[in-house]
Each structure stands twice: as C-alpha cells, then as structure tokens.
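> kindly generate the corresponding structure for this input.
(chains A and B)
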There are 2 protein chains.
Amino acid sequence: MMKLHNFFRSGTSHRLRIALNLKGIGYDYVAVDLRTEEHLGAAFKAINPQQLVPALVDGDLTMIQTPAIIEWLEERHPTPPLLPSDPDDRARVRALAAIVGCDIHPINNRRILEYLRKQFGQDEIAVQAWCATWIEAGFAALETLLAADTRRGRFCFGDTPGLADVYLIPQVESARRFKVDLSPYPNIVAIDSACAELDAFRRAEPAHQPDAPA
Amino acid sequence: MMKLHNFFRSGTSHRLRIALNLKGIGYDYVAVDLRTEEHLGAAFKAINPQQLVPALVDGDLTMIQTPAIIEWLEERHPTPPLLPSDPDDRARVRALAAIVGCDIHPINNRRILEYLRKQFGQDEIAVQAWCATWIEAGFAALETLLAADTRRGRFCFGDTPGLADVYLIPQVESARRFKVDLSPYPNIVAIDSACAELDAFRRAEPAHQPDAPA
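Residues are numbered from 1 along each chain as shown, chains lettered A, B, ... in the order given. Okay, here's the model as predicted:
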C-alpha cells in the first residue's frame, strides 16, 4: 500500500488525493501537521528535503512534487487516464493545470504568507488581498481559455474528469476560503459543481480527512 | 517554422529556448518587450490570455506554459529525449524540474516583484532578499537531492543534459543576477559549468538574444 504524507488543508495534498482516487489507488494516510510545523522537523525533512507536503511513498520509492507524481501515476497506472491521447490536447490540458500549479498555488502557499506577515508586517486583510490577486489573475485566464475551447465539456476537457480538474478543484476550494467572488468565472463554477457530484472528488475534500478538525 | 514569443531575460523563455535547442528545433524569435509592458497589451493577450511569456506557435497550434510545452516537445519530437525512459527516473527528473518551475521561478516573477514594490512599498534591497529567500530554499533542496543521487552525472541526471538542467540553468542565471552566494551548492555549480560548455545552452543565454541590450 502506498503511503501519502499530507495535510488535510494543503492544496497540493488535496490535488494528489483526487488523482489517486480517480485512479482507484488506495493509500495509507499519514498526516503531517503544518499547524505545528511538523513539516519543518527532521523526520519529514528526511522524506522531503524541500519540507513541503505532500510526498508519496511506494515501497522503496519516495516521490515529491505533485506535477511529477501525477505524471508517474499516469505512466504506472494508465487506467483510467487523466490526460487525453493526442499530444496537442495533452499540451492544452497540461497548460490549464500549470496555470494553477505554477502561477496560483505556490504564490499563496503557507511559507509565502508567513513571509508577508513576518518580514513585511502585513495584516490578514493584506494577505487575503494578495491571495485574491493571484487567484483572480489565474482564474480570469482559465475562464477565457475554457470559454473559447470547443473541447470543454462537463469538465475542463470533455465529459470525463482529468488532470486539469485535479488541479482546478483544490484551487476553487482555496478561492472560497479566501472569499474570492467566483461569479466572473461561470465555466469554472460549473466544472466545480460537476466534480462535486463525483465520489473521487468528495472523498478527497479537506473536511473529510482524518486530520481535519471535527 | 515555429514562432517563439519571448523576452531575452525571462527565465521561462530562457528555459524553452534551451529545450528547443537541445531538440535541434529552429524557430522564429518574436520579441515581447516586458520593459514596455508589451505582454499586457491586446495583441499579446490574444496569444496568451494569461499575459505571460513565452508562447510557442506551431501552425494553428498556440501553446502556453513551459511545463506543458516541453512535454509536448518530448512527445512530438522525441529525439534526443529530455527525460529518461523509466517512469521512476522520470518522476525524479520531473521533481527536480518542478522545484524550480513551481517553487522558485513563479514567486520571483516580474508581476510579483512589482506587487511587492507598489502594494507593499518595498525597496530594492527587500525585493532582492525576497528573491534570494526562495532561490536559496529551492537550491538547498536541489543540492541535497543531487548530492544523494547516484544517478547524477555531469548533469542533473546522468551524463546527458535533460529536463532538470533545462529548468536549473536559467534559475542559476537569475540567482547570479540577484547576487545569491552559490558556494553552498557545489553540485549545482558543477552542473551549470558542464551546461555552459554546450552550444545549445550558450545560444539560449539572455545576453545572446536579439532583444538584449548591446
């Protein structure tokens, strides 16, 4: 059984739980408590020198960085696929995913917000405005791309959930937490609703994890 | 001939130029001047709604997001490969790339630094310290991973340049620009020197591009 070292509220952890669930892969849930900075301790640093969750352990293989882990899942466990088969379509789906994975999530990560608070002395209103800025910039681009794409269906690409949805849904969860108005993004909201009907997405939600507050 | 919309000093543009050169793919260089905010204008927004460089155009296909574009290059133009063939090894190399691609570069991007200056009123010393913080955090993790890996050779993985080098070298260039002390990272420095001997890397350097100052 694979071991998933993760934290209920972490967006990248949430992303990887969705991917594992869509692939039908069971895993042992190993909680790493970011609230007590467990990820900065020696035990977790031995698993991931980058001191970020999640990490996925499969036997002797320890993997970090969800973009790398999810491509590995796609290669080792190809059914059901998270990517379309045509390379041009794959580039499209991976680009949608990367807008979230590179240009929204890492900028709003815990370590960044801690820097804004401690080094720049910013209050929670400023931190929330920071997060909203990058979510809104990314979502505006995603909405434009989704609206213009005839290959969009119930999900980001067609009528089957895939890689772009795996990235998008945790970011929508985060957007709601930071009180971002989602009304300018009707396609994103519709895709979020379609995903919420699926067990693979529901079981991955932060609130349903063993380390979430009761 | 493919068209590369890019800017000489942009790290993601530099990354994509290296990948194209390693693949032996020629391209038309289309300069997008970030200094005059050309990337925020309507003409470039029609190419990339995210208003970030680079974009690669191949006939009717317009691609954005270098992680997606480089995977497309690997699928459409597989020789020479930038990734090893074994999925476990591929996960390793993609993780090294993602440390730069997700957790260093986007946080030090132009739009972020402009926010620090304009919204938070930070001076250039504070901006430089910000950039150095994320470069040092990422390079420390990379150095630990590289030092522990028996598959490391002259390059990040083996004795042939690949995906991780494509991401790493522009980030080393950026680290030097932000005056980061590279002495704690001897493996990174050695890999940078090995890459600097190769024509594919030299031709991709910011200073050698047509839009670079004379």
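
> any idea how far apart the tips of stretch A:62-80 sit?
Terminal residues of stretch A:62-80 lie 23 Å apart, using Cα to Cα, to the nearest Å.

> quick check: buried residues in it?
Neighbour counts using 16 or more other Cβ atoms under 10 Å in any protein chain shown place A:62-74, A:77 of stretch A:62-80 among the buried residues. No exception for glycine: its C-beta is placed from N, CA and C like everyone else's.

> do that stretch and chain B meet?
Yes - using Cβ under 8 Å from any Cβ of the partner chain, stretch A:62-80 reaches chain B at A:63-69, A:71-72, A:75-76.

> for that stretch, what is the distance to the chain centroid?
Offset of stretch A:62-80 from its chain centre (Cα atoms, centre = their mean, to the nearest Å): 14 Å.

> now do it, average pLDDT.
For stretch A:62-80, the mean per-residue pLDDT is 98.

> Throw the residues of stretch A:62-80 next to chain B into a markdown table and include secondary structure, thanks.
Below are these laid out as a markdown table (DSSP: H, G, I helix; E, B strand; the rest coil):
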| residue | secondary structure |
| --- | --- |
| A:63 | strand |
| A:64 | strand |
| A:65 | coil |
| A:66 | helix |
| A:67 | helix |
| A:68 | helix |
| A:69 | helix |
| A:71 | helix |
| A:72 | helix |
| A:75 | helix |
| A:76 | helix |
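
> and of those, the nearest to residue B:8?
residue A:67 (26.6 Å; Cβ to Cβ).

> can you give me the strands in chain A?
Here chain A has its strands, by DSSP state E, at A:2-6, A:27-31, A:55-58, A:61-64.

> out of the ones you listed, which is the most enclosed?
Among the strands of chain A, strand A:55-58 has the highest mean neighbour count (mean count of other Cβ atoms under 10 Å in any protein chain shown), at a mean of 22.

> so the most centrally placed residue in chain A versus residue B:62, what's the distance?
Nearest to the geometric centre of chain A sits residue A:15, at 3.3 Å (Cα atoms, centre = their mean). Distance of residue A:15 to residue B:62, computed by Cβ to Cβ, to the nearest Å: 26 Å.

> if I look at residue A:151, how far off is chain B?
Separation of residue A:151 from chain B (Cβ to the nearest Cβ, to the nearest Å): 13 Å.

> residues near that residue, how many?
Other residues lying near residue A:151 total 12 when counted by other Cβ atoms under 10 Å in any protein chain shown.

> how about residue A:1?
10.

> show me how chain A divides into domains.
As given by automatic domain parsing, the domain ranges for chain A are A:2-79, A:87-200.

> and the end-to-end length of the last one?
For domain A:87-200, the first and last residues are 26 Å from each other (Cα to Cα).

> circling back to that earlier point, closest to residue B:24 out of the strands of chain A?
Smallest distance to residue B:24 across the strands of chain A (Cβ to Cβ): 31.0 Å, for strand A:61-64.

> where do the helices sit along chain A?
Secondary structure of chain A by DSSP state H: the helices cover A:11-23, A:42-47, A:66-76, A:87-103, A:110-118, A:124-147, A:163-177, A:186-196, A:199-202.

> just put the ones you listed in a markdown table and tack on distance to residue A:210.
Shown next, in a markdown table, are these (distance: least, Cβ to Cβ, whole Å):
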| stretch | distance to residue A:210 |
| --- | --- |
| helix A:11-23 | 12 |
| helix A:42-47 | 17 |
| helix A:66-76 | 20 |
| helix A:87-103 | 25 |
| helix A:110-118 | 20 |
| helix A:124-147 | 26 |
| helix A:163-177 | 18 |
| helix A:186-196 | 21 |
| helix A:199-202 | 15 |
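
> how close does the residue of chain A positioned farthest from its centre get to residue A:109?
Taking Cα atoms, centre = their mean, the residue of chain A most remote from its mean C-alpha position is residue A:121, at 28.0 Å. To residue A:109, residue A:121 is 19 Å away according to Cβ to Cβ.

> residues in contact with residue A:81?
For residue A:81, the contact set (Cβ atoms under 8 Å, 6 or more residues apart in numbering or on different chains) comprises A:74, A:162.

> ugh, wrong one, residue A:88
By Cβ under 8 Å, 6+ apart, residue A:88 lies in contact with B:61, B:72.

> give me the spatial nearest neighbour of residue A:185, chain neighbours excluded.
Sequence neighbours aside, residue A:143 is the residue nearest to residue A:185 in space, at 4.5 Å (criterion: Cβ to Cβ, 6 or more residues apart in numbering or on different chains).

> the one you found: neighbour count?
18.

> can I assume it is in contact with residue A:182?
No - Residue A:143 lies out of contact with residue A:182 (Cβ atoms under 8 Å); the separation is 9.9 Å.

> got any residues that touch both of these two?
Overlap between the neighbourhoods of residue A:143 and residue A:182 consists of residue A:188, taking contacts as Cβ under 8 Å, 6+ apart.

> what's near enough to touch the spatially closest residue to residue A:96 that is not a sequence neighbour?
Nearest residue to residue A:96, sequence neighbours excluded (Cβ to Cβ, 6+ apart): residue A:164, at 3.8 Å. By Cβ under 8 Å, 6+ apart, residue A:164 lies in contact with A:93, A:96-97, A:155-157.

> top of the residues you listed by neighbour count?
Ranked by neighbour count (other Cβ under 10 Å), the contacts of residue A:164 have residue A:156 at the top, with 29 neighbours.

> any idea how far residue A:13 is from it?
Distance from residue A:156 to residue A:13, counting by Cβ to Cβ: 20 Å.

> give me the low-pLDDT residue ranges for chain A?
Within chain A, no stretch falls below the threshold (pLDDT under 70).

> ramachandran coordinates for the residue farthest from the centre of chain A?
Here is the backbone geometry of residue A:121 (degrees, to the nearest 10): phi 60, psi 30.

> roughly how far apart are it and residue A:68?
Counting by Cβ to Cβ, the gap from residue A:121 to residue A:68 is 36 Å.

> try residue A:166
Using Cβ to Cβ, residue A:166 is found at 14 Å from residue A:68.
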